[in-house]
Each structure stands twice: as structure tokens, then as C-alpha cells.
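**Q** Model the structure of this input:
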Amino acid sequence: MLVAAAVCPCPPLLVPEVAAGAAPELDAARTACADALGVLAASRPDLLVVVGPAEQGGRGTHPQGTRGSFGGFGADVDVRLGAPEAPDADPERVLPPSLAVAAWLLERIGWSDAPVEGLGVGEPLAPERCVQVGRDIAARAERVALLVMGDASACRTLKAPGYLDERAAPFDARVARALATADVTALEELDPGLAYELKASGRAPWQVLAGAADGAGLSGALLYEDAPYGVGYLVAAWS
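**A** Sure thing, here's the model as predicted:
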């Protein structure tokens, strides 16, 4: 059963070595992510599942100990999913960027509260399938926690990766309201086509969360909401 969830954005820029001189611009987001992960630790889970968007090669499960790297983003930073003493996983398996950011966040707070597993989900995954995946995750242990990675729209400004789209701000506001109130129905009803057009990578992971939280009776709190680079970044905690 799902007992807690944290929702965080997944830009590699959260890692200061990647952001370099711009690192202070996301200090508030990093602090909010740490606060959200603190809610997970306080829930005393038996299992933590990290869910994030992934391209074809990074989809599927990633066991504890799977390695990730930010070398492709110009930073000599390596991470490993789960506790530092976790045994090495399959050396051929590499964390997708979203789960590498999650691994960095977990290492930053010294996570050692429960075993960790990763799940990379693809953008094409249909809402009903996302919801079923979430339900299956919630049934895996008596006390399950989720760390849900994903960005909102990337079309908030003229300089955003997806340029300016007038639909982006209302879409992000709807997601923010759903995360603030733990509204699983609102998350389930997000339009995958619109999310794709707005380059919102969090759509599928959020809908996995909706499935996992269905019937759990959790309450939500929005800890951070901004679009510093024209991309919507949201941090929330459910417990």
C-alpha cells in the first residue's frame, strides 16, 4: 500500500556540477526536493520505487545499485541507485537521466531507509496502463513509497525548449492543483496528447502515482512551483 510519495522535477541542472555558474538559481528547488524526500523517510517504507520518464533504452526496471552518470552533461559525477553500500547491479544497465537525478537526490540526503528500485516509463504509455502500473507497485509491499520524477511543460516562455505555447501555463496550473490536493482523478485525466505537445515529461510518471495512490487516502502539499528556464518545475509531497 502506498504510504507516501514525493514528486520532483528531473532536469540534470539540479546537480550543481552540471549547472555550474547557474547552480544557485535552483537552490530553492533542491531544498524543496530534500524536504519532499524527508516525508518519504518519515513514512518508514518497506520499499521505495523511483519512477521517471525514459527513452527507449532506459525503460523498464532498474535494480538497486544501478549506476548513472552526468558525464554526458559535462559533469564528472557518477551516482548509484540506492544506499552507497548497495551491491553493483547489472553493469550493462544504466540509469536514464531522470532516475540518475533521483539517485543524486537520494544520495544527497543519505537515503538508507528502505530498499530502492527504479522504473523508467516511456512517453507513449497510455494513461490506463500507467494507472495499472501504479496499482501493481502499491501492492508490492505493506508500506510502499514513491519518488516520482518528471517536469511539467517546456513551453512557458519564448526561450523555453518548446517555445511559448499559451496552453502551457494552464496545463501546469492544473497539475500543480492536483499535486497540491492529492487529486488522483485529475492526474488520471491528463491528456497525453496535450502533454506530448507541451513536452511535459512528467505526465506518465504522475499517472503512475495516481494509480498507486488510488484509495490510499493521502493528502498533498505543493512545496515548489516555478518555471525558471521556461520549463515548469513542481515539487510536492503526499502522505
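**Q** how near is Gly68 to Ala237?
**A** To Ala237, Gly68 is 24 Å away according to Cβ to Cβ, to the nearest Å. Every C-beta, even on glycine, is put in place using the N, C-alpha and C of the backbone.
**Q** Over to Pro170?
**A** Taking Cβ to Cβ, one finds Pro170 at 24 Å from Ala237.
**Q** So for these two, which residue has more residues nearby?
**A** Neighbours around Pro170 and Ala237, counted as other Cβ atoms under 10 Å, are more numerous at Ala237. The numbers are 27 against 10.
**Q** What residues does the more buried one make contact with?
**A** Contacts for Ala237 (Cβ atoms under 8 Å, 6 or more residues apart in numbering) come out as 4-7, 35-36, 39-40, 220-221, 223.
**Q** one more time with 7 Å, if that's ok
**A** Counting by Cβ atoms under 7 Å, 6 or more residues apart in numbering, Ala237 touches 6, 36, 39, 221, 223.
**Q** Assumed it was part of a helix.
**A** No - membership of Ala237 in a helix is not supported by DSSP: H, G, I helix; E, B strand; the rest coil, which gives strand.
**Q** need the contact list for the residue nearest the centre of the chain.
**A** Against the mean C-alpha coordinate of the chain, by Cα atoms, centre = their mean, the closest residue is Met149 at 0.7 Å. Contact analysis of Met149 by Cβ under 7 Å, 6+ apart lists 8, 10, 50-52, 98-99, 101-102, 205.
**Q** Please narrow those residues to those residing in strands.
**A** 8, 50-52 (DSSP state E).
**Q** I'd like those residues written out as a markdown table, with neighbour count added.
**A** Output for these, formatted as a markdown table (neighbours: other Cβ atoms under 10 Å):
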| residue | neighbour count |
| --- | --- |
| Cys8 | 31 |
| Val50 | 28 |
| Val51 | 32 |
| Gly52 | 29 |
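**Q** For the residue in the chain sticking out farthest from the centre, give me its contacts.
**A** Farthest-out residue of the chain from its mean C-alpha position, per Cα atoms, centre = their mean: Leu158, at 25.3 Å. Listed by Cβ under 7 Å, 6+ apart, the contact set of Leu158 reads Leu164.
**Q** Distance check, it against Tyr233.
**A** 18 Å.
**Q** Helix, strand, or coil at the closest residue to Leu209 other than its chain neighbours?
**A** Excluding its sequence neighbours, the residue lying closest to Leu209 (Cβ to Cβ, 6 or more residues apart in numbering) is Val148, at 4.8 Å. Assigned by three-state DSSP, the conformation of Val148 is strand.
**Q** Would you agree Val148 is in contact with Pro205?
**A** Yes - Val148 lies in contact with Pro205 (Cβ atoms under 7 Å); the separation is 4.9 Å.
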